[in-house]
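A.B. asks: sequence-free structure coming up:
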């Protein structure tokens, strides 16, 4: 059998894991876990009762006018509950608490289903009120390890008394069942104790108001009938005589009886002190026994933690289906995104290459580039080029891209509205909420404002830098070949310059110079080696040139196309960010996160704790 400390540690860890999972699962719109019966068992019964193994809650229970309060007062040693020869009608439980429990904070942890009120008046428990009140009184003479309870009649005509008695039963570790000849076979009494048997409560029976010794041959028959029809198995049995005077003076004797009774049974004739017997009970064993039913209930597949986990899986599946439907419909949208003109991409690559030239090649290329810029300056001035104006390619691209975005937004809204009308348990409500007040016009206007400030040139420059750095690191062989081609081009530039002027190109030839002499870029656009083949061959060898003009050229072509593809991805990501900002917010992420709750560590941790819970041994061997 597990120790109480081990069980308490397991339950405490389980609660922590459940609390963490409940926070994670809040996005699934489940009922609050605190409202479930199994969680209330953890917080209101198991945790409070497992925190201290040195006490037991003992409740005196039974039907109407059978002397429950008399026996309770005998245990207390004073008149704590009201008594009368007539039915006194106890309506609320009364607790006698030793000094260490004589505060409402300590008692609330144990009797969480009641409104606690301190009372020194025995008649307080007779008050008629709809509130579930538990009156308590401190006793400096009460055993430190016992909390004693008197309870409402469990066979009362007032159904609210049954409810209060049930709450007492759930809180108690030990029940003192007070029976009489008139009440042992009462239907309401038997119903109460059937529940106690199902919860595996430890039960002591006091057969009260007997004619001793005349009833000695009858009470065993009555008790057997009671046990057979309720399923209880009393750990101790006592009999008490019908003696009103002794009862009023708290001198009623209690005689211990062996159970079950056999022909060889010899009954004790000396009265026992019930309080002493109670204080000598096997506390830890009884405590574990009283909590075993609650622990088992936590593992119940229909109403316990497994049912909670199953509901999380079911709800997560609905959210996963919502995410799948939404993303599939959005992926159906197909628009042709505009591409940046090739010359613009080439220029950005050339700029990067220039920044990374070193030594003699940098000097030669730098000199001729400067010479070219000087020659072209009058022509640029003649064209009235405004250096502050937005480049024409950006203006054109911005217009083309905005038309594409408009097409995509129309398609997105059409699909969102269609999904909202299909009655999906998650999508219908969420999408209608999402689009309420978010008209297409508002969204278009907000995104267009952002689009007007898009910095295409900076994005392209950053992309080229990233791609070129990756190319240099991942394809060192090709990068080295291009460096050799660049060196060869530097050697060829003086000759090419003279040839261009000699053939009449003049300043126009300067515009062609980068294209014709920057051999690295020539390779990327299918003109590698076309200018000064002899020089290139001498620089890198026939094998390299042969490779560059076949398989190598196809690789470089694909590599160059990556610039366009990557830039389109950058711009599409920008649009997604704008949609997230101005339209659906975190909706898609929320759906995905909700769908993934069963995959979280919080969910798996509860599953592990549930296995540990099922492995607990709560019965003595």
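C.D. replies: Happy to help now that I have it. These numbers were taken from a predicted model, which means no experiment stands behind them. Residues are numbered from 1 along each chain as shown.
A.B. asks: mind checking pLDDT for residue 394?
C.D. replies: Predicted confidence (pLDDT) for residue 394: 92.
A.B. asks: what values do phi and psi take at it?
C.D. replies: When read as degrees, to the nearest 10, the backbone of residue 394 gives phi -70, psi -40.
A.B. asks: for the closest residue to it other than its chain neighbours, grab the count of nearby residues.
C.D. replies: Distances taken as C-beta to C-beta, 6 or more residues apart in numbering place residue 456 nearest to residue 394, at 5.3 Å, with adjacent residues excluded. Bear in mind the C-beta positions are built from the backbone N, C-alpha and C, glycine included. Residues near residue 456, counting by other C-beta atoms under 10 Å, number 20.
A.B. asks: quick one, what contacts residue 456?
C.D. replies: Going by C-beta atoms under 8 Å, 6 or more residues apart in numbering, residue 456 touches 340, 394, 397-398.
A.B. asks: now, which of those residues lie within strands?
C.D. replies: Among those, DSSP state E puts none in strands.
A.B. asks: what's the farthest-apart pair in the residues you listed?
C.D. replies: Set against one another by C-beta to C-beta, these have their most distant pair in 340 and 398, with a gap of 11.5 Å.
A.B. asks: helices or strands next to the helix or strand harbouring residue 577 in the packing?
C.D. replies: Following DSSP states H and E, one finds residue 577 within helix 551-579. Counting contacts by 3 or more C-beta pairs under 8 Å, 6 or more residues apart in numbering; DSSP states H and E, helix 551-579 packs against helix 342-355, helix 392-420, helix 440-452, helix 456-474, helix 476-502, helix 519-524.
A.B. asks: next secondary structure after that helix?
C.D. replies: Past helix 551-579, the next helix or strand by DSSP H and E is helix 587-595.
A.B. asks: let me know which of the helices and strands packed on helix 551-579 is the nearest to residue 180.
C.D. replies: Using C-beta to C-beta, the nearest of these to residue 180 is helix 392-420, at 68.2 Å.
A.B. asks: quick one: that closest one to chain centroid distance?
C.D. replies: With C-alpha atoms, centre = their mean, to the nearest Å as the basis, helix 392-420 stands 37 Å off its chain's centre.
A.B. asks: what residues sit buried inside that helix?
C.D. replies: 394, 397, 401-402, 404-405, 408-409, 411-413, 415-416, 419-420 (16 or more other C-beta atoms under 10 Å).
A.B. asks: pick the one among those closest to residue 102.
C.D. replies: residue 420 (60.9 Å).
A.B. asks: mind checking how far the closest one is from residue 434?
C.D. replies: Distance of residue 420 to residue 434, computed by C-beta to C-beta, to the nearest Å: 8 Å.
A.B. asks: returning to that earlier point: so for the helix holding residue 577, mean pLDDT?
C.D. replies: Helix 551-579 comes out at a mean pLDDT of 81.
A.B. asks: for stretch 447-462, same thing?
C.D. replies: So the average pLDDT for stretch 447-462 ends up being 92.
A.B. asks: and the contacts of stretch 303-313?
C.D. replies: So stretch 303-313 is contacted by 14, 18, 21, 25, 28, 30, 33, 36-38, 297-301, 597-598, 603, 606-607, 610, 613 (C-beta under 8 Å, 6+ apart).
A.B. asks: if you set the cut-off to 6 Å instead, what comes out?
C.D. replies: 25, 38, 297-298, 597-598, 610 (C-beta atoms under 6 Å, 6 or more residues apart in numbering).
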